[in-house]
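Trainee: just coords:
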């Protein structure tokens, strides 16, 4: 267990072991969640990524994307469509 002192400005230093475990680096934002008279510190980047993963769960399968090759094919199709819209449509 690590202990940190609160400065006169209300600041604390997050111990390095905790920063490493949470993947925090200078400039990152954190979320303070109060629960049962305790504070939980959350890496906001990871939280956003996890929420995105939850929201997107199953979308690939619903779109018929079942393999890495399906993704490659889809990217190729989208690039072709963009090329045609931008360059071939103006000829």
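Mentor: That came through, no problem. This is a predicted model, so every value here is computed, not measured. Numbering: from 1, shown residues only.
Trainee: longest helix in this structure, please.
Mentor: helix 68-83 (DSSP state H).
Trainee: roughly how far apart are residue 5 and residue 13?
Mentor: To residue 13, residue 5 is 8 Å away according to Cβ to Cβ, to the nearest Å. All C-beta atoms are positioned from the backbone trio N, CA, C, and that covers glycine.
Trainee: re the thing from before, now the longest helix of the chain: how far from the chain's centre is it?
Mentor: Distance of helix 68-83 from the chain centroid (Cα atoms, centre = their mean, to the nearest Å) equals 24 Å.
Trainee: next one: stretch 79-91
Mentor: 32 Å.
Trainee: higher neighbour count, residue 5 and residue 13?
Mentor: Set residue 5 next to residue 13 and count neighbours by other Cβ atoms under 10 Å: residue 13 wins out with 11 against 7.
Trainee: name the helix or strand for the residue nearest the centre of the chain, please.
Mentor: Centroid-nearest residue in the chain: residue 49, 2.6 Å away (criterion: Cα atoms, centre = their mean). For residue 49, the host element (DSSP states H and E) is helix 44-56.
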